[in-house]
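**Student:** sequence unavailable; structure follows:
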């Protein structure tokens with residue numbers, strides 16, 4: 001099963017990303033692994049390539065572009081985005097997946113979905129847990145150095161412009177996951193439904209908390225074994241795991257936790273939230289200076305409109321281009337959301353359908369033409 005993850009980084013040292021990809025690191029501290037002579041240990045069996053760097057080192061190319069466009073100069077700026085495609089460990093034996101083929105798929109994915117960005121694409125043959133799953137790292141400079149076409153996951157004109165930055169939105173992640181599913185389907189690789197959550201959703205933070213907790217428990221048990229004492233526990237559980245197990249095994253938690261009580265509590269919380277949202281905003285005082293007023297107006301103008309309607313996807317045309325079930329599922333959900341947003345706009349304007357709006361526009365246009373004709377008659381009389 002292929003998985004897809006995203007990590008954003010504010011680290012201005014672009015060389016650190018390449019060092020992580022090419023040298024072994026401790027899975028908990030993320031520091032480079034050193035040999036007995038104090039030298040960092042290089043990884044083995046990996047492949048790495050760079051895109052849109054014009055023959056320069058990735059770090060130098062990124063810093064040169066940042067200076068050219070005046071971006072990524074502040075500490076709080078997101079300097080790079082790190083995407084990871086992890087393939088199922090069974091793909092190597094059952095489906096013939098190799099490091100070379102995975103590298104090709106990673107480069108193709110990067111070119112199609114992150115055009116105009118300087119990038120590193122690196123494939124590793126295994127992960128920290130030694131499960132044997134081939135995985136691809138894609139690290140891109142957040143700055144775009146070329147004008148690119150509008151892709152389905154992009155929401156505003158700045159997402160295509162040279163000198164602007166990449167945004168990893170929820171819609172973008174859904175689209176990328178659908179594309180990973182499509183890639184696995186096309187390459188006959190194992191896959192899971194990345195667009196719907198699993199019964200046991202384990203976040204990256206919980207995963208590492210469990211790994212660190214298990215390592216600490218194993219160390220403690222080793223100390224007990226050295227003194228001849230039996231271990232108290234052998235398997236570490238996170239708080240979330242304990243909560244899941246408790247809820248599933250408890251036959252009855254009490255009257256306050258039955259279905260009716262829980263639904264009533266949720267309804268009350270929803271009503272309180274609605275009342276809070278309906279409260280009028282406090283009246284703002286006049287700005288202390290003209291500069292404050294101009295800054296507020298500028299912020300209001302530049303604020304992105306989150307309620308805008310995006311373009312619909314022609315599913316039939318995309319299917320004819322070779323898109324598969326993963327993309328079709330994402331596109332169907334995307335179109336439904338846009339249709340709902342469109343109908344909401346019609347209802348807010350007092351219309352129940354696009355046809356009713358068109359009829360109203362036609363009537364208004366006819367009335368306007370009639371008024372113009374009457375005025376023309378008056379002036380020529």
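**Tutor:** It's in. As the structure is a computational prediction, the values presented were derived from the model and not from experiment. Numbering: from 1, shown residues only.
**Student:** where do the domain boundaries of the protein fall?
**Tutor:** With automatic domain parsing serving as the domain definition, the record reports that the chain contains domains spanning 3-186, 198-250, 253-280, 309-350, 353-381.
**Student:** looking at these, which is buried most?
**Tutor:** Ranked by mean neighbour count under mean count of other C-beta atoms under 10 Å, these are led by domain 3-186, which reaches a mean of 17. The way it works is simple: take the backbone N, C-alpha and C, and place the C-beta from them, glycine included.
**Student:** ends of it, how far apart?
**Tutor:** Between the start and the finish of domain 3-186 there is a gap of 16 Å, counting by C-alpha to C-alpha, to the nearest Å.
**Student:** quick one: the helices in this protein?
**Tutor:** Taking DSSP state H to define them, one finds helices in the chain at 14-22, 58-69, 90-94, 99-113, 170-186, 204-226, 239-249, 259-278, 290-302, 315-320, 325-348, 354-380.
**Student:** quick check, central residue of this protein?
**Tutor:** When the chain is reduced to its mean C-alpha position, the nearest residue by C-alpha atoms, centre = their mean turns out to be residue 173, at 3.4 Å.
**Student:** check contacts around residue 4.
**Tutor:** Neighbouring residues of residue 4 by C-beta atoms under 8 Å, 6 or more residues apart in numbering: 83-86, 173, 176-177, 180, 194.
**Student:** let's see it at 7 Å
**Tutor:** 85, 176-177, 180, 194 (C-beta atoms under 7 Å, 6 or more residues apart in numbering).
**Student:** what do you get for residue 50?
**Tutor:** When contacts are counted by C-beta under 7 Å, 6+ apart, residue 50 is found next to 58, 119-120.
**Student:** same question, residue 51
**Tutor:** For residue 51, the residues meeting the contact criterion (C-beta under 7 Å, 6+ apart) are 110-111, 118-119, 121.
**Student:** so for it, what's the pLDDT?
**Tutor:** As summarised for this prediction, residue 51 has a pLDDT of 96.
**Student:** that one and residue 221, how far apart?
**Tutor:** Relative to residue 221, residue 51 is positioned 47 Å away (criterion: C-beta to C-beta, to the nearest Å).
**Student:** again, but for residue 182
**Tutor:** Plainly put, residue 182 is 45 Å away from residue 221 if you go by C-beta to C-beta.
**Student:** likewise for residue 277?
**Tutor:** When distance is defined by C-beta to C-beta, residue 277 is 52 Å away from residue 221.
**Student:** so what touches stretch 223-237?
**Tutor:** Contacts to stretch 223-237, defined as C-beta under 7 Å, 6+ apart, come from residues 210, 213-214, 217, 221.
**Student:** from these, which is closest to residue 360?
**Tutor:** The nearest member of the contacts of stretch 223-237 to residue 360, counting by C-beta to C-beta, is residue 210 at 59.4 Å.
**Student:** what would the contacts of residue 50 look like in a markdown table with pLDDT and distance to residue 144?
**Tutor:** Formatted as a markdown table, the entries for these read as follows, by pLDDT from 0 to 100; distance: C-beta to C-beta, whole Å:
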| residue | pLDDT | distance to residue 144 |
| --- | --- | --- |
| 58 | 96 | 16 |
| 119 | 97 | 11 |
| 120 | 97 | 16 |
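**Student:** before we move on, the earlier item: would you format the helices of the chain as JSON lines with distance to residue 136 included?
**Tutor:** Putting the helices of the chain into JSON lines (distance: least, C-beta to C-beta, whole Å) gives the following:
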{"stretch": "helix 14-22", "distance to residue 136": "11"}
{"stretch": "helix 58-69", "distance to residue 136": "16"}
{"stretch": "helix 90-94", "distance to residue 136": "12"}
{"stretch": "helix 99-113", "distance to residue 136": "4"}
{"stretch": "helix 170-186", "distance to residue 136": "10"}
{"stretch": "helix 204-226", "distance to residue 136": "17"}
{"stretch": "helix 239-249", "distance to residue 136": "29"}
{"stretch": "helix 259-278", "distance to residue 136": "41"}
{"stretch": "helix 290-302", "distance to residue 136": "36"}
{"stretch": "helix 315-320", "distance to residue 136": "24"}
{"stretch": "helix 325-348", "distance to residue 136": "17"}
{"stretch": "helix 354-380", "distance to residue 136": "44"}
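**Student:** make CSV from the contacts of residue 4 and add pLDDT and distance to residue 232 to it.
**Tutor:** Written out in CSV, the entries for the contacts of residue 4 read as follows (pLDDT from 0 to 100; distance: C-beta to C-beta, whole Å):
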residue, pLDDT, distance to residue 232
85, 95, 40
176, 94, 44
177, 92, 41
180, 93, 42
194, 69, 38
